[in-house]
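1. need coordinates for the following:
(2 chains)
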Amino acid sequence: MRYVRMLVTIMSASLQAQMAFRGSFILTCVSTVLEVGLTLVFFNLVFAARPTALGWTYQQVLLLVGTYQLVEGLFRFLLAGGGRLAQLVETGNLDMILVRPCNPQYLISIGRVNWQAVPRALIGLTVVIRGALAGDGLIEALTVTWLAAAKGAGLYGLLVVAAVLMRYAVSYMVNTAAIWLVRVDALQSLAAETFSLAQYPAVIFKRGARLFFSFVIPVLFVANVPANALQSSIGAGMVVQAILTGSALLMLSHWFWRYALRKYSSAGG
Amino acid sequence: MTSLRAVGGLVIAMYSHLPKYAAAFKTQLQATQEYRANWLLSILCEGVPLLGILLFWSALFAADTGATDASAAGAVYGYSQAEVISYYIVIRVLNGLFPSVWWEVGGNIRSGHLADFLTRPIDYLGYYTSLMLATSSQYILATAGVLAVVALWFREYLILQTDFLSWLLIAVSMVLGFALSCLVGYLVQLLAFWFEDTTGVLTAQHFLVTFASGFYFPLDFLPGWFHAVLKTLPFYYPHFFTTQLYLGRVNFGEALVGIEIEVLWVAVLVVVVRQQWRIGLRRFSAVGG
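-> Numbers count the residues shown, from 1 in each chain, chains lettered A, B, ... in the order given. Predicted coordinates:
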């Protein structure tokens, strides 16, 4: 409960801080909306020229792109605070966090709630709903029973949570490397760019790459698996695998963080 | 005439003080090398999204009408597979070469550190251009390896421009494109004289520049009227126009018109930047500097 209260307080303080420059805040939100819109325009143009390219329809691609934006938006909104870890190490301010009576990984992770990422998540969700209603999966379930639709949506929600955890865990492990390397901005970009591959259908990758992006860096679990779940084309094994991967990566990130802390020598902050 | 005088003045000033700018160039090279693993990795980062988009297009063309031979597939919006693949490779290289946002200028204005430069016998725009040149020249060297791998991977579909005249036009367009990118980035940074937080403006500028430069997709995929509107913007020329020259999709007459427009934009922006600088300096109070 204490951790929830802490999250609410940080969310409120972050909103106030970001709204201090209201014009800048609004412009950033508008740019985010336009950026996501442009991705949709790109796929719209491609699928207008090739209506069933790669065995996917435009509606199915909407589910994929929408899911990626939803996962990325949620991650950037709530859990991207690890991005400031390098700065905390460099300035020595990490010490100030380590002495507080709270789990430092939690405090760092939620320490930079970014409200400017909310439009990204909202557009992602809207696009997913639009794609689901226009496609065959969820709408088909809706016509059968509401219970089936609720189950479909619930399963999708679960897979999205697992995807956010995967995105967070990999990102946090990359940021933790700052304890040794100090500068990790390039590694952060590499992680973000690698996860951006999630917005493409898995079919573009050859077998080796598909295995790599499933078991080494779980890019395909971020959007392809939840999008497939909405189209009712996913087995129970895949759902279990997604949840286990998310949980395992979260634990791995925590273990790696604790290991890194043992190697941490304060910069004298 | 005013524009010509301003451009001429800048070139003469830079030439007569060349050693100072050469020193700034060298310092920037050294600064980048301080964290060279991080810097090399950042270059590698650019290969990931490029690979993603190239794999997407390759799969799309290969899957087209069930053709097993990708080269047999039909064109998309007038682009063959080779043109699309080459387009994305060239546009990403140009995107890395031409700076879009240079945060340090705005940071120096806000923090007051700009005062350090005002007391030195150096032109700040010239200094800033030297830093940009250093970053870009290092980028060329570093991307050579990454590009060689990507080019080798997609060698079957890579268009190699062999016409000397086209290369000449590309070289001119690249020089002008570099100047345009520097000036646009610099102009936006000067807003820091007026606004305490310019993050929103910079994000918007970055979006506009990347979109209007054809970074996401070829601009001629868009409806004709929209493409015509984008042609009036300075962001269109450094990346998209240069790429079109490389692909041989513009004739000689159109190429000359494009280059004339680039020259015009450079001249206009030099005047605007100089004026903004003068007006901004009057407001500058060097807080904390």
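2. from here on, contacts and neighbour counts on C-alpha atoms
-> Noted.
3. A:G82 against A:N175, yeah?
-> Yes. The pair A:G82 / A:N175 is scored as a contact, 6.1 Å apart, by C-alpha atoms under 8 Å.
4. how about the helices in the stretch 101-250 of chain B?
-> Chain-ordered helices for the stretch 101-250 of chain B, with DSSP state H, counting those that start in this stretch as the definition, fall at B:103-111, B:114-118, B:124-153, B:164-189, B:199-212, B:224-231, B:242-247.
5. nearest to chain B: which residue in the stretch 1-150 of chain A?
-> With C-alpha to the nearest C-alpha as the measure, the residue in the stretch 1-150 of chain A that lies nearest chain B is A:S24; the distance is 4.0 Å.
6. got any ranges where chain A has weak pLDDT?
-> Along chain A, the parts satisfying pLDDT under 70 run over A:135-148, A:232-233, A:267-269.
7. what does it put close to chain B?
-> Residues of chain A found near chain B, taking C-alpha under 8 Å from any C-alpha of the partner chain as the criterion, are A:21, A:23-28, A:30-31, A:34-35, A:39, A:42, A:45-46, A:49-50, A:53-54, A:183-187, A:189-190, A:193-194, A:196-197, A:200, A:203-205.
8. got a ChimeraX select line for the buried ones in those residues?
-> Remark: buried members of the residues of chain A next to chain B, expressed as a ChimeraX selection using 16 or more other C-alpha atoms under 10 Å in any protein chain shown:
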select /A:21,24,25,26,27,28,30,31,34,35,42,45,46,50,53,54,183,184,185,186,187,189,190,193,194,196,197,200,203,204,205
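9. among the residues of chain A next to chain B, which lie within helices?
-> Residues from the residues of chain A next to chain B lying in helices, with DSSP state H as the criterion: A:23-28, A:30-31, A:34-35, A:39, A:42, A:45-46, A:49, A:185-187, A:189-190, A:193-194, A:196.
10. which bits of the stretch 151-289 of chain B sit near chain A?
-> Along the stretch 151-289 of chain B, the residues adjacent to chain A under the rule C-alpha under 8 Å from any C-alpha are B:197-201, B:203-204, B:207, B:216-217, B:221.
11. out of these, who has the most neighbours?
-> The most crowded member of those, judged by other C-alpha atoms under 10 Å in any protein chain shown, is B:T198 (25 neighbours).
12. how about that one, phi and psi?
-> In this entry, B:T198 is assigned phi and psi values of phi -110, psi 20 (degrees, to the nearest 10).
13. right, and it touches B:L191 too?
-> Yes. Counting by C-alpha under 8 Å, B:T198 does reach B:L191; the two are 7.2 Å apart.
14. residue in the stretch 101-250 of chain B with the shortest distance to chain A?
-> Using C-alpha to the nearest C-alpha, the single residue of the stretch 101-250 of chain B nearest to chain A is B:G200, 4.0 Å away.
15. shouldn't that residue be in contact with A:L27?
-> Yes. In this structure, B:G200 sits in contact with A:L27. The criterion is C-alpha under 8 Å, and the distance is 4.8 Å.
16. which residues touch A:L88?
-> The contact partners of A:L88, taken as C-alpha atoms under 8 Å, 6 or more residues apart in numbering or on different chains, are A:L94.
17. so which bits of the helix or strand where it lies are buried?
-> Using DSSP states H and E, the element containing A:L88 is helix A:85-91. When burial is assessed from 16+ other C-alpha under 10 Å, helix A:85-91 yields the following buried residues: A:85-90.
18. for the chain, longest helix please?
-> Defaulting to chain A. When secondary structure is assigned using DSSP H, the longest helix within chain A turns out to be helix A:146-176.
19. actually, chain B is the one I wanted.
-> The helix spanning the most residues in chain B, taking DSSP H as the definition, is helix B:252-283.
20. that one packs against which elements?
-> When contacts are defined as 3 or more C-alpha pairs under 8 Å, 6 or more residues apart in numbering or on different chains; DSSP states H and E, helix B:252-283 packs onto helix B:2-16, helix B:164-189.
21. comparing those helices, which yields the minimum mean pLDDT?
-> Ranked by mean pLDDT, the helices and strands packed on helix B:252-283 bottom out at helix B:2-16, with a mean of 62.
22. next one: the helix or strand just after it to chain centre, how far?
-> Tracing the chain past helix B:2-16, the next element assigned as helix or strand by DSSP H and E is helix B:18-34. Computed by C-alpha atoms, centre = their mean, to the nearest Å, the chain-centroid distance of helix B:18-34 equals 20 Å.
23. touching chain A at all, the helix or strand B:G96 falls within?
-> In this assignment (DSSP H and E), B:G96 forms part of helix B:81-97. No. For a cut-off given as C-alpha under 8 Å from any C-alpha, helix B:81-97 has no contacts with chain A; the smallest distance is 12.2 Å.
24. what's the mean pLDDT across that helix?
-> With pLDDT averaged residue by residue, helix B:81-97 scores 90.
25. now do the same contact list for B:W103.
-> Residues counted as contacts of B:W103 (C-alpha under 8 Å, 6+ apart) are B:Q189.
26. deepest of the helices of the stretch 101-250 of chain B, which one?
-> Highest mean neighbour count among those (mean count of other C-alpha atoms under 10 Å in any protein chain shown): helix B:242-247, with a mean of 23.
27. who are the packing partners of it?
-> Packed against helix B:242-247 by the contact rule (3+ C-alpha pairs under 8 Å, 6+ apart) you find helix B:81-97, helix B:164-189.
28. distance from that helix to the middle of the chain?
-> Mean-position distance between helix B:242-247 and its chain equals 14 Å (C-alpha atoms, centre = their mean).
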